[in-house]
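*Asks:* okay, predicted coordinates and the sequence, questions at the end:
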Amino acid sequence: MLARLVCLALLLMPTIVLAQDTGVEERACTLNGLLDPSYERESRTKEWPQEAQRLKADIPNVSRHGDRLRLAIDGGRAVELQDCPYGDAGYQYLYERFDDPGRFYVVRTPGLDDFAWTLVMKRTGRLFTVYGAPVWASDKTRFLTVACSLEPARGTLSIHTPSGDGLATEAEFELPCATESCSARWDFESWVSIACTPRDDPAKRGKEFVLMRGHDGKWNRFGR
C-alpha cells in the first residue's frame with residue numbers, strides 16, 4: 001500500500017518547466033509587431049501535421065501544445081519553446097529529432113527572412129543557436145555546421161564540440177557564399193572537404209579546399 005501511495009504521489013507531482021535559458025544567442029519576441037496572417041494557417045495545415053510524425057519517435061519526451069513545444073530534460077524538468085509570429089523578426093519552433101551523440105534536441109527555427117537551428121541540451125535545458133544542421137564526424141566527438149546564404153549574408157563553416165554543460169566552437173572558416181554555394185562533408189575524423197559552386201553558373205567549377213586537424217588540435221586550410 002505504501003509503495004502504491006508513493007507511486008501515486010510521483011505521478012501527481014508537477015513537472016518543473018524552465019524558462020528559455022539561452023546558451024549562445026537569445027531570441028527576443030517583439031509582441032508589438034503585426035501578427036503574421038499566414039502563421040496559424042500554415043502551422044495547422046502543413047507544419048504541425050508534419051511535425052507530429054516526427055514527434056512520435058520521441059514520445060513522451062517531446063510534445064506540442066498549441067504554439068508551444070515542450071521538451072523533457074533530465075531531473076524531471078522540461079523546457080517550453082514558444083513561437084513568436086509577430087513582425088519581421090518573428091520565428092517558429094519545429095521539432096526535428098533527438099541527437100544521440102550530442103544528447104540534444106534539434107529544433108528547426110525558421111523566421112520570415114532567416115533560418116536557424118536551436119539545439120536544446122537534454123541535461124541542462126540550455127539553448128544554442130546554429131545556422132546549419134549538425135553533421136557529426138565518424139568518431140562522434142565533434143560536428144560541423146555550414147551557414148551559407150545571400151540574405152542574410154552568411155558564409156561560415158563551424159566545427160563544434162561538446163563542452164561541459166554545452167557546446168564549444170573549435171574552429172570557424174570563412175566560405176565564399178557571396179558568389180558561391182558551398183557544402184561540406186567529413187572524409188575522415190580530422191578531415192573535412194568543402195566544395196563550392198558559382199551561383200550564376202552552377203556548371204562551372206568553383207572553389208574546393210580541405211580542412212585538416214593537426215596533432216596540436218588546430219585546424220588548417222589547404223587548397224584553392
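*Replies:* Alright, I've got the coordinates. These numbers come from a predicted model, not from an experiment. Numbering: from 1, shown residues only.
*Asks:* which residue packs closest to the most centrally placed residue in the chain, ignoring adjacent ones?
*Replies:* The centre of the chain sits closest to Trp117, judged by CA atoms, centre = their mean, with a distance of 2.8 Å. Nearest residue to Trp117 in three dimensions, chain neighbours excluded: Val130, at 5.1 Å (CB to CB, 6 or more residues apart in numbering). Bear in mind the C-beta positions are built from the backbone N, C-alpha and C, glycine included.
*Asks:* got any ranges where the chain has weak pLDDT?
*Replies:* 1-28, 30-33, 224 (pLDDT under 70).
*Asks:* neighbours of the residue nearest to Trp117, just the number please.
*Replies:* The number of residues packed near Val130 is 23, by other CB atoms under 10 Å.
*Asks:* element containing the residue nearest to the centre of the chain?
*Replies:* Assignment of secondary structure by DSSP states H and E places Trp117 within strand 115-121.
*Asks:* which elements pack onto that strand?
*Replies:* With contacts defined as 3 or more CB pairs under 8 Å, 6 or more residues apart in numbering; DSSP states H and E, the packing partners of strand 115-121 are strand 68-73, strand 77-82, strand 104-110, strand 127-130.
*Asks:* give me the buried positions along it.
*Replies:* Taking 16 or more other CB atoms under 10 Å as the basis for neighbour counts, the residues of strand 115-121 that come out buried are Ala116, Trp117, Thr118, Leu119, Val120, Met121.
*Asks:* ok, the nearest residue to the first one once chain neighbours are set aside to Phe209 distance?
*Replies:* Sequence neighbours aside, Thr109 is the residue nearest to Ala116 in space, at 4.5 Å (criterion: CB to CB, 6+ apart). When CB to CB, to the nearest Å is applied, the distance between Thr109 and Phe209 equals 30 Å.
*Asks:* which of the two has more residues huddled nearby?
*Replies:* Using other CB under 10 Å as the criterion, Thr109 and Phe209 rank with Thr109 on top: 21 against 15.
*Asks:* ok, which stretches of the protein are helices?
*Replies:* Per DSSP state H, the chain has helices spanning 2-12, 39-42, 48-55. These are given in chain order.
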